[in-house]
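*Asks:* Based on what follows, work out the 3D shape:
(chains A and B)
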Amino acid sequence: EADIYQTPRYLVIGTGKKITLECSQTMGHDKMYWYQQDPGMELHLIHYSYGVNSTEKGDLSSESTVSRIRTEHFPLTLESARPSHTSQYLCASSEVDRESNTEAFFGQGTRLTVV
Amino acid sequence: GEDVEQSLFLSVREGDSSVINCTYTDSSSTYLYWYKQEPGAGLQLLTYIFSNMDMKQDQRLTVLLNKKDKHLSLRIADTQTGDSAIYFCAESLSPGGYQKVTFGIGTKLQVIP
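*Replies:* Residues are numbered from 1 along each chain as shown, chains lettered A, B, ... in the order given. Modelled structure (predicted):
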């Protein structure tokens, strides 16, 4: 069972609010990722991190920001939520081993609705 | 760019075999994956196959890779109600982390008792 947790599971929030989606893993993985999945669409990578103090933008442009101050924690922040941010956000982590990227571990996801 | 395509939905009867198909566009893919997402849970790796393999079998699961047609399939033998989930196909172009992995849209498998 994966030891990666996301909170909250569901969030309904008004336009203009600042929100932070939490993601924590207890596996000591250096690499962490945030994906966005709109209904009926593919998972798209929006942010990733190689380790502490490393953050990179993914393939899909996002107005969100991330930080990586501790290995186990990779929060995602929206400074001013808009209805276009309504989506499911999935956090994942992986370790770099000799075979490189054989498995990623995913959290349960946060379903965000901005009204 | 990379693209991974899957059908949205598959319905099978309990005990039958399920075959979930996936096509990808990049012939330089090195790893191909199948992930399973049960209701209310995160994605979990089911199996993966290297691009130099044609087939991989793991208990009830059989993965077939046709590199010429860029087609990947997942066969579940003796499908059970517990197999009801969304199945994601994914491809990786190179080692170095999941930032290089492209996921499909996911196929929802419904198993009818």
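
*Asks:* okay, CA-based contacts and neighbour counts for the rest of this
*Replies:* OK.

*Asks:* Is there proximity between the helix or strand hosting residue A:111 and chain B?
*Replies:* Secondary structure from DSSP states H and E places residue A:111 in strand A:110-114. No: between strand A:110-114 and chain B, judged by Cα under 8 Å from any Cα of the partner chain, nothing touches; the nearest distance is 10.3 Å.

*Asks:* other SSEs contacting that strand?
*Replies:* Secondary-structure packing of strand A:110-114 (3 or more Cα pairs under 8 Å, 6 or more residues apart in numbering or on different chains; DSSP states H and E): strand A:10-13, strand A:87-94.

*Asks:* from those strands, which stretch is densest packed?
*Replies:* Mean neighbours per residue, mean count of other Cα atoms under 10 Å in any protein chain shown, is largest over the helices and strands packed on strand A:110-114 for strand A:87-94, with a mean of 24.

*Asks:* For that one, give the mean pLDDT please.
*Replies:* Strand A:87-94 shows a mean pLDDT of 94.

*Asks:* give the contact list for residue 81.
*Replies:* As the question left the chain open, I've gone with chain A. A:13, A:14, A:15, A:16, A:17, A:18, A:19, A:114 (Cα atoms under 8 Å, 6 or more residues apart in numbering or on different chains).

*Asks:* other chain: chain B
*Replies:* Taking Cα under 8 Å, 6+ apart as the test, what residue B:81 contacts is B:14, B:110, B:111, B:112, B:113.

*Asks:* Under the pLDDT cut-off, which ranges of chain B? List them.
*Replies:* Applying pLDDT under 70 to chain B flags residues B:1-2, B:94-96.

*Asks:* Write out the residues of it neighbouring chain A.
*Replies:* B:31, B:40-45, B:48, B:95-99, B:102-106.

*Asks:* out of the residues you listed, which are buried?
*Replies:* Buried residues within the residues of chain B next to chain A, counting neighbours by 16 or more other Cα atoms under 10 Å in any protein chain shown: B:31, B:42-45, B:48, B:95-99, B:102-106.

*Asks:* quick revisit: among the contacts of residue A:81, name the buried ones.
*Replies:* Buried members of the contacts of residue A:81, counted by 16+ other Cα under 10 Å: A:13, A:19, A:114.

*Asks:* The first one and residue A:111 touch, don't they?
*Replies:* No: using Cα atoms under 8 Å, residue A:13 is not in contact with residue A:111; the gap is 11.1 Å.

*Asks:* Around chain B, pick out the residues from chain A.
*Replies:* With the criterion set to Cα under 8 Å from any Cα, chain A comes near chain B through A:31, A:33, A:40-45, A:48, A:58, A:90, A:94-96, A:99-109.

*Asks:* Which ChimeraX command selects the buried ones in these?
*Replies:* To isolate the buried ones among the residues of chain A next to chain B in ChimeraX, judged by 16+ other Cα under 10 Å, type:
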select /A:31,33,42,43,44,45,48,58,90,94,95,96,101,102,103,104,105,106,107,108,109
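
*Asks:* before we move on, the earlier item: out of the residues of chain B next to chain A, name the ones that lie in strands.
*Replies:* Among the residues of chain B next to chain A, the residues falling in strands (DSSP state E) are B:31, B:43, B:44, B:45, B:48, B:102, B:103.

*Asks:* Look up how far residue A:5 lies from the residue nearest to residue A:75 when sequence neighbours are not counted.
*Replies:* Once flanking residues are discounted, residue A:75 sits nearest to residue A:22: 4.6 Å by Cα to Cα, 6 or more residues apart in numbering or on different chains. Going from residue A:22 to residue A:5 by Cα to Cα, to the nearest Å gives 8 Å.
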